[in-house]
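Undergrad: pasted the sequence and its predicted model underneath.
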Amino acid sequence: MNSSRLKIALFFVGLILITYLVLILTGDNGVQDLNAMKLELNTLKSKNEKLQQKNIEMHREIKRLKEDPEFIENIARQELKMIGKNEVVFKFKEDGTTQKGNQP
């Protein structure tokens, strides 16, 4: 009888251990959730690095806007289509002729 009780006890202990193993692998806060959280952490770290780099670039641009007149002039020419004093703008028509103007 002791042998059969021991077998039954070992069976239930084994069953409990298997149940715990299944819960660890599939339950809340299990291995799947851990892997998902690791993936999310890596994604957030990547986004954070990109934002930090963008922040550094913006600080550099702000400094140049405050201190570099040539940079300001370049931006005014590119983004605002401005021209400098004593400059002449030539507008080309589709037929190849030109038209002289003071501003674009």
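TA: Looks like it came in fine.

Undergrad: output the lowest mean pLDDT helix or strand found in the protein.
TA: When each helix and strand of the chain is scored by mean pLDDT, DSSP states H and E, strand 98-101 comes last, with a mean of 58.

Undergrad: give the next helix or strand downstream of the host helix or strand of Ile56.
TA: Counting by DSSP states H and E, the element that carries Ile56 is helix 31-67. As assigned by DSSP H and E, the chain's next helix or strand after helix 31-67 is helix 69-79.

Undergrad: average pLDDT for that next one?
TA: Averaging pLDDT along helix 69-79 gives 87.

Undergrad: can you name the residues in contact with that helix?
TA: Arg64, Leu65, Met82, Ile83, Gly84 (C-beta atoms under 8 Å, 6 or more residues apart in numbering). The C-beta positions use only the backbone N, C-alpha and C, and glycine is treated the same way.

Undergrad: and those, which two are the farthest apart?
TA: Arg64 and Ile83 (21.3 Å; C-beta to C-beta).

Undergrad: that's a helix at Phe90, yeah?
TA: No. Looking at Phe90 with DSSP: H, G, I helix; E, B strand; the rest coil, it is strand, so not inside a helix.

Undergrad: low-confidence regions, the protein specifically.
TA: 1, 96-104 (pLDDT under 70).

Undergrad: what do you get if the cut-off is 90, keeping everything else the same?
TA: For the chain, the stretches with pLDDT under 90 are 1-7, 20-36, 72-104.
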